[in-house]
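Q: Build the 3D model from these lines:
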Amino acid sequence: MLAVMRGAPKDDGKDFMTWLREHGQTQRALDRFWGPVLVSALNDDLDQVSVTYGAMVFRDAFLKSAEAGRMGVPTVPLSQLYGEAADYIRARGGEVLLRSSVEGFSADGSHPVIHASGGDVEFDYVVSAVPFHGVEKLLPDSSETAKFAAELQGLHTVPITGIHFWFDREVTSLEHAVLLDRTIQWMFQKSKILGRAVGGPAATGSYLELVVSSSKTLLEKPRAEIIELAQRELAEFFPLSQDARLLKATVVKEVHATFSPAPGSEMHRLRPWTPWKNVFISGDWTATGWPATMEGAVRGGYATAEALVAATGRSTRFLVPDLEPQGLMKLFSR
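A: Just a heads-up that it's a prediction; the model follows:
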């Protein structure tokens, strides 16, 4: 921790597992401390994570400031949040098109043109928030495309798998838990969490979500095998689940959930500007300075907003300043 406090190590091609071993960390510490935190935060294994991002999680989230550990929990379903975002846009003269897919864009004239399923639409500015593995198919047929697409080849995705169980009774009183030394890493009792969020009683029975970050070993496994594995491991931690009746089970594989913060990946993350006039990119995979997190996605949005406003000839700062270091961090920062 003292080494982390002295400053985030530079990405010199070394993975964080190697760095931790060089600093005397035991296998037990790797499996039961560093691993659970970082695999969850960065969605990749310790030997696939750059030293910079591995150290950053602990430096910025745990050591830098007491404020850094504060967490926000939505009190409404995400579908409601998204719906309110659409209302916000419409109230300011914007338009939200549903069931309208974008097939590409062109930027030969003075204004970029979006080619959508409903026809071509001309805009003053275009922002693509498509993940990096989906951008290439939208790019125009031009000389700039090959170089732009080549940069994206240096990034790759990592999956996340969620297993959802509905039982006829409560199998644990915990709202969430870390499950060590197993395939399943996290348990969230969503019936309790949602009930608390809306200020009402939890639903009858128990609704659990089990999460496996960096779930590469599960990608080729069939649904039934994953459910059997999850039930077996869940019973080791919560024996009451063996007596409960499983009413329903769902497996959700997010094959391209996040980009991997692998050593050397930072050089392939692009700025908001593109080779095409008035066309910008945004997303957690762009050059935000952060790994693939919601906070990183927000930083990407701020950076893109600043670039777009600059294109209009103005200068506005949207990016929120980082938290100032406190206590020992101030001492080490000097």
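
Q: For stretch 282-301, list every residue counted as buried.
A: Using 16 or more other Cβ atoms under 10 Å as the test for burial, stretch 282-301 gives 282-288, 290-293, 296-301. The way it works is simple: take the backbone N, C-alpha and C, and place the C-beta from them, glycine included.

Q: residues contacting His133?
A: The contact partners of His133, by Cβ atoms under 8 Å, 6 or more residues apart in numbering, come to 152, 155, 157, 256.

Q: Might one say that the second one is in contact with Glu266?
A: No. Look at Leu155 against Glu266 with Cβ atoms under 8 Å: they stay out of range, at 10.0 Å.

Q: partners of the closest residue to Ala292 other than its chain neighbours in the sheet?
A: Leaving aside its sequence neighbours, Ala292 sits nearest to Thr258 (Cβ to Cβ, 6 or more residues apart in numbering; 3.6 Å). Beta-bridge partners recorded for Thr258 (DSSP bridges): Val158.

Q: Neighbours of Thr258, how many?
A: For Thr258, the neighbour count with other Cβ atoms under 10 Å is 22.

Q: what's the answer for Trp34, then?
A: Trp34 has 19 neighbouring residues, counting by other Cβ under 10 Å.

Q: which residue packs closest to it, ignoring adjacent ones?
A: Per Cβ to Cβ, 6+ apart, closest to Trp34 is Leu20, 6.0 Å.

Q: my read: that neighbour touches Gln27, true?
A: No. Between Leu20 and Gln27 there is no contact under Cβ under 8 Å: 10.3 Å.

Q: For those two, indicate the residue with more neighbours.
A: More crowded of Leu20 and Gln27, by other Cβ under 10 Å: Leu20, with 23 against 9.

Q: Let me know the distance separating the residue nearest the centre of the chain from Asn43.
A: Residue closest to the mean C-alpha point of the chain, counted by Cα atoms, centre = their mean, is Thr293 at 3.6 Å. Relative to Asn43, Thr293 is positioned 9 Å away (Cβ to Cβ, to the nearest Å).

Q: Trp276 too?
A: Trp276 sits 31 Å away from Asn43, going by Cβ to Cβ.

Q: which SS state does Arg248 fall under?
A: That one is not Arg; residue 248 is Lys. Following DSSP: H, G, I helix; E, B strand; the rest coil, Lys248 is assigned to strand.

Q: Surely it is in contact with Asp168?
A: No. Counting by Cβ under 8 Å, Asp168 is not a contact partner of Lys248; they are 10.2 Å apart.

Q: more neighbours, these two?
A: Neighbours per residue (other Cβ under 10 Å) separate Lys248 from Asp168, with Asp168 holding more: 13 against 10.

Q: Next one: the residue nearest to the more buried one when sequence neighbours are not counted from Arg169, what distance?
A: Leaving aside its chain neighbours, Asp168 sits nearest to Arg245 (4.4 Å; criterion: Cβ to Cβ, 6+ apart). Per Cβ to Cβ, Arg245 is found 8 Å from Arg169.
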